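*Asks:* next input, structure requested:
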Amino acid sequence: QVRLRESGGGLVQAGGSLRLSCAASGRTFNNYAMGWFRRQAPGKEREFVSAISWGGQTTTNVDSVKGRFTISRDNAKNTVDLQMNSLEPEDTAVYYCAADNRGVAAMYSGAYQYWGQGTQVTVSS
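*Replies:* Prediction:
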């Protein structure tokens, strides 16, 4: 069982930065791949943003955030962060942290067994 809690969301102007953090409980955090997804509007599907493998050796990002967002993890602290730079109004969404016990950086939501409650990011123009 893994419990996830996101933090760091908020309101920022276009071009600004935010750093999201996800704190995980559980003794086997090191075995899990971690992902970030977002839902841009109620009723829309969650879309993949970024993922990192269990040891941090592999990361993957959706094309729309490449060069702007960076995912990282600290297995000693059971945390995974998403540094978001050059934010655009289109990045406005609820961002969710997720954990996958297979350990690989998957890009589809069905791969992930555990989810946080989400944190709101709003980017004003």
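
*Asks:* the helices in the chain, which residues?
*Replies:* For the chain, no helices turn up when DSSP state H is the criterion.

*Asks:* and residue 88, what does it touch?
*Replies:* Residue 88 makes contact with 14, 123, according to CB atoms under 8 Å, 6 or more residues apart in numbering. Glycine gets a C-beta too; all of them are placed from N, C-alpha and C.

*Asks:* could you measure from it over to residue 17?
*Replies:* As for residue 88, its distance to residue 17 is 12 Å (criterion: CB to CB, to the nearest Å).

*Asks:* the spatially most central residue of the chain bridge partners, please.
*Replies:* Centroid-nearest residue in the chain: residue 36, 2.3 Å away (criterion: CA atoms, centre = their mean). For residue 36, the beta-bridge partners are residue 50, residue 97 (DSSP bridges).

*Asks:* that one contacts residue 96, doesn't it?
*Replies:* Yes. Counting by CB atoms under 8 Å, residue 36 sits close enough to residue 96 to count as a contact (7.0 Å).

*Asks:* for beta bridges, what are the partners of residue 59?
*Replies:* Beta-bridge partners of residue 59, as defined by DSSP bridges: residue 52.
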